[in-house]
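1. need a structure here:
(chains A and B)
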Number of protein chains: 2
Amino acid sequence: MSSIDKVLARIDANLESSLDRLFDLLKIKSISTDPAFAGPCKQAAEWLSRELNGIGFVASVRETKGHPMVVGHRKSGKPGPHVLFYGHYDVQPVDPLDLWETDPFEPGIVTREDGTKIIVARGAADDKGQLMTFVEAARAFIAETGDLPVDVTILFEGEEESGSPSLHPFLEANRDELSCDLALVCDTSMWDAETPAISVMLRGMVGDEIIVRAASRDLHSGLYGGSAQNPNHIVAAIIAGLHDENGKVTLPGFYDGVIEVPDDVKAMWQRLGFSAEEFLGDIGLKYPRGENDRTPLEHIWTRPTAEVNGMWGGYQGAGSKTVIPAEAHAKFTFRLVGDQDPMKVQQSFRNYVRSKIPPDCTVEFISKEGSPALRLDFALPAVEKGQKALQDEWGKPAPLIGMGGSIPIVGDFKRMLGMDSLLIGFGLEDDQIHSPNEKYNLTSFQKGIRSWARVLNELAGN
Amino acid sequence: MSSIDKVLARIDANLESSLDRLFDLLKIKSISTDPAFAGPCKQAAEWLSRELNGIGFVASVRETKGHPMVVGHRKSGKPGPHVLFYGHYDVQPVDPLDLWETDPFEPGIVTREDGTKIIVARGAADDKGQLMTFVEAARAFIAETGDLPVDVTILFEGEEESGSPSLHPFLEANRDELSCDLALVCDTSMWDAETPAISVMLRGMVGDEIIVRAASRDLHSGLYGGSAQNPNHIVAAIIAGLHDENGKVTLPGFYDGVIEVPDDVKAMWQRLGFSAEEFLGDIGLKYPRGENDRTPLEHIWTRPTAEVNGMWGGYQGAGSKTVIPAEAHAKFTFRLVGDQDPMKVQQSFRNYVRSKIPPDCTVEFISKEGSPALRLDFALPAVEKGQKALQDEWGKPAPLIGMGGSIPIVGDFKRMLGMDSLLIGFGLEDDQIHSPNEKYNLTSFQKGIRSWARVLNELAGN
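-> Alright, predicted model coming up:
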């Protein structure tokens, strides 16, 4: 039996203990966006550092102004590329909690009617389950062969779900330590449950939050209704005016820099047989909403978007309260593609919002840093090696696909550290990441570990 | 000293103990709209019943399917009209709590920089302070003269702030007991802090709440953004489309039944010297928002409105969450005037909303009963008597005014019990009812008690 086969056999034999370790990590409530959970975030970092040291990495928790990083190194003493693996240990908030069928921080394995086994917990897929596929692959390789096939550095972040404020300073301050030949990122999806994929187009993102203020206090809608400004109406008009009747975003200059995908890539995607009916049917919808001259695959991979992730103003309790609130709020995100400039998009948005504010009202903006979209070089040698490893594991070719979400780190690795990234992940569309009842298929976890072992082996040239 | 002068002197002498009693009532958290406060609502009813029995009424707490009523009777044995006094002991919710400068249920007296003394607490003005002006007037009359000058029935309700669901059945079931010659209602405002007023036009109201549902779960805006329906956008478009660029409500048939005010009434109002700058300046605004061919006094007295009292959908916490929510909500109220039909307005609204719902999304409506607008007969003899009593107390004529808010009970008294209502109240525009830091001027309380003593005296023909 070749050494890779032995590693793969060990992975399968030790699946139970791999799951135990994943469950320990999933139990930690590392919600990065809510300051109340700073303690659990630190706890997750310490847990990961211990694990890495336990399998033979030299690892440590590295403080930042926000949640800490975890960095670990393991030299192989062999030729071949030095790779950096990236994942994030922080998770999304869990609200609305009443829609969870189980405690989001009490992981368990559920067998579905069709026999599929799934791991259910917040972070099961995004990103604790995914990052542990790599850790377990490394563990098996070292245990079985005494070493890794290439030099590996690991970087775990704890702020991916809250805008990664500490990432730039950390990369800047540790440029030499973290600059490797190639980054491996496990935060993406497969094409479907049987077909692996490598993501080569990632949308960027820029966000903004607005607080529109009118009267100096909440008003009685009987006394003032009809005469005083109602911030709910102002915010609603701002939201409603963002799209035209064809689904296009109305902000001036918004589409500057949007690039059409080359015909050969479109042709490859055509062959994937993507079904809009199934894609939307899975979530209880039927009709694509976006730009009406584009396909749903374009909507989610290659077209920019404007979405309101939250809006609120006035009374939300039971019954009625005849109030005109003093203020109303909305949170916006814009997904970006091609060469769209995040700051120009934000500026155009702010100009638009200001144009909708009556002269006796005010608006406050709360923003976070944006990130441009990213396209990887399809011809990168690592892409071909990754495709080979994935095909060996899954028995099917791994298409190069686009991705609707943003992974800003990939741009940072390229711009700040000169590293290309190989994006391989085992998530599925129905994983309900960012939603109640998040899950990760057991096959994603097991074959994900096996896939990383194969990828490391391919990268070493074995 | 005439007997009324003695009563007035006693009122002034006993102001401190009147305030102590008011504070006891204000401490009870009788928020009717939130089921969690059913206990305190009952407690407030029991407190009032005890007080009425204590001053010589025959009073009791009367159960309903919701919060209880309090009914008390006191026969004078004298000729003259039998009057029914109405008030409500329930109060509005207190959120946002962090904007209160003091605990809303720990009443206190604050002296403002200009020397004005104010009673601060939830319900200080709406309506506990107001109803206690009548109770204290009755107390002083009985204590000083041994009796009231007319037969008096008192009805206190506990569901005024939550749509009065039990009121119709209760009036229906107790028609004989509650039918009097005239109703006195203390839930309205003065013209300004020195000028009393009698309200003769009241806007009606109809409300509706919508829940718009799209996907079967919350979605990641990166995976689905641009293609899946976002209920925040749908609700925003519904709100934004309710008014046209001239401030008119766009619902078909909405203005059917709206009546123009007679020229002589408009002329009387003109003489009031109403200042839109001051009215809006007091709440930090400058420019009237409503129909742009109407004055602000028309906006709030004689024109119908559409207001969103609450809207919400998606993530509202700290930081960002890139979610497309499964549902979004909004609460609407429409103020009605003239002969507008509440049910027709609601039907038109619902048709409009349904026309804005994409075919793969749904809308649920949660409504409450509406009430039409009301105009009192300006020539009612009681109106003249009320004006005389108020002029005696305040030294200024009491104008007949309109009122933006709704007091549905007035219509019910007329339609169900054949009673006209005399609407006299001592609230002020800056009382912040339904808002944080609600207050009631100490002069409103003291001179309010004195005013009711005078009104009872006038109605008796003394």
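2. Please report how far A:D103 lies from chain B.
-> From A:D103 across to chain B, the span is 18 Å (C-beta to the nearest C-beta, to the nearest Å). (Glycine included, C-beta is placed from N, CA and C.)
3. Let me see the ranges of the strands in the stretch 1-150 of chain A.
-> Taking DSSP state E, counting those that start in this stretch as the criterion, the stretch 1-150 of chain A carries its strands at A:58-62, A:69-74, A:82-88, A:108-111, A:117-120.
4. which other helices and strands contact the longest one?
-> Helices and strands touching strand A:82-88, as assessed by 3 or more C-beta pairs under 8 Å, 6 or more residues apart in numbering or on different chains; DSSP states H and E, comprise helix A:128-145, strand A:151-157, strand A:182-185, helix A:408-417.
5. Domain-wise, how is chain A divided?
-> A:3-202+A:373-459, A:204-258+A:304-371 (automatic domain parsing).
6. Just say which of the strands of the stretch 1-150 of chain A is most tucked in.
-> Among the strands of the stretch 1-150 of chain A, strand A:82-88 has the highest mean neighbour count (mean count of other C-beta atoms under 10 Å in any protein chain shown), at a mean of 24.
7. Neighbouring strands - and their directions - for that one?
-> Within its sheet, and counting by DSSP bridges, strand A:82-88 is paired with strand A:151-157 (parallel), strand A:182-185 (parallel).
8. before we move on, back to that, of all the domains of chain A, which lies closest to B:P79?
-> Proximity to B:P79 (C-beta to C-beta) singles out domain A:204-258+A:304-371 among the domains of chain A, at 37.9 Å.
9. so how far is that closest one from its chain's centroid?
-> 24 Å (C-alpha atoms, centre = their mean, to the nearest Å).
10. Check stretch A:66-79 too.
-> 22 Å.
11. Do you know the pLDDT at the residue lying closest to A:F413 once chain neighbours are set aside?
-> Spatially, and ignoring its direct neighbours in sequence, A:F413 is nearest to A:M419 (4.4 Å; C-beta to C-beta, 6 or more residues apart in numbering or on different chains). pLDDT for A:M419: 93.
12. burial of A:M419, as a residue count?
-> Other residues near A:M419 number 19, with proximity taken as other C-beta atoms under 10 Å in any protein chain shown.
13. One more: A:P96?
-> 13.
14. Give the buried residues for stretch A:247-262.
-> Burial within stretch A:247-262, assessed by neighbour count using 16 or more other C-beta atoms under 10 Å in any protein chain shown, is assigned to A:G247, A:K248, A:V249, A:L251, A:F254, A:Y255, A:G257, A:V261.
15. any residues touching that stretch, and which ones?
-> A:201, A:241-244, A:269, A:289-292, A:298, A:302-306, A:334, A:337-341, A:344-345, A:348-349, A:351-352, A:402 (C-beta atoms under 8 Å, 6 or more residues apart in numbering or on different chains).
16. could you flag which of the residues you listed are buried?
-> A:201, A:241-243, A:269, A:289-291, A:298, A:302-306, A:334, A:337-338, A:340-341, A:344-345, A:348-349, A:352, A:402.
17. Apart from its chain neighbours, what residue comes closest to the closest residue to chain B within the stretch 351-462 of chain A?
-> As assessed by C-beta to the nearest C-beta, chain B sits closest to A:G405 within the stretch 351-462 of chain A, at 2.7 Å. Spatially, and ignoring its direct neighbours in sequence, A:G405 is nearest to B:G222 (2.7 Å; C-beta to C-beta, 6+ apart).
18. and the helix or strand hosting that neighbour, what other elements does it pack with?
-> Assigned by DSSP states H and E, B:G222 falls within helix B:221-224. Applying 3+ C-beta pairs under 8 Å, 6+ apart, one finds that helix B:221-224 makes contact with strand A:305-314, strand A:327-336, strand B:323-324.
19. got a list of contacts for the last one?
-> This points to strand B:323-324. Residues beyond strand B:323-324 that count as contacts (C-beta under 8 Å, 6+ apart) turn out to be A:307, A:309-310, A:434-435, B:214-215, B:218-221, B:224-225, B:228, B:230, B:232, B:314-315.
20. residues near the residue nearest to A:K331 when sequence neighbours are not counted, how many?
-> Spatial nearest neighbour of A:K331, excluding adjacent residues (C-beta to C-beta, 6+ apart): A:G310 at 4.2 Å. Residues within reach of A:G310, counting by other C-beta under 10 Å, total 22.
21. Show the pLDDT at A:G310.
-> The score at A:G310 is 97. That number is its pLDDT.
22. my read: A:A59 touches A:P68, true?
-> No. Using C-beta atoms under 8 Å, A:A59 is not in contact with A:P68; the gap is 12.0 Å.
23. in the strand or helix carrying A:V206, what counts as buried?
-> Per DSSP H and E: A:V206 is located in strand A:204-213. When burial is assessed from 16+ other C-beta under 10 Å, strand A:204-213 yields the following buried residues: A:G204, A:M205, A:V206, A:G207, A:D208, A:E209, A:I210, A:I211, A:V212, A:R213.
24. and it, is it in reach of chain B?
-> Yes. Using C-beta under 8 Å from any C-beta of the partner chain, we find that strand A:204-213 touches chain B at A:M205, A:G207, A:E209.
25. For the second one, name its beta-bridge partners.
-> According to DSSP bridges, the partner residues bridging A:G207 are A:T333, A:K368.
26. how about it, what does it touch?
-> A:G207 neighbours (C-beta under 8 Å, 6+ apart): A:G163, A:K331, A:F332, A:T333, A:F334, A:S367, A:K368, A:G370, B:S320.
27. and the fourth one, how many residues sit next to it?
-> The tally of other residues near A:T333 (other C-beta under 10 Å) stands at 27.
28. Run a quick neighbour tally on A:T295.
-> A:T295, neighbours per other C-beta under 10 Å, totals 19.
29. Now A:Q387. Nearest residue, chain neighbours left out?
-> A:A398 (4.8 Å).
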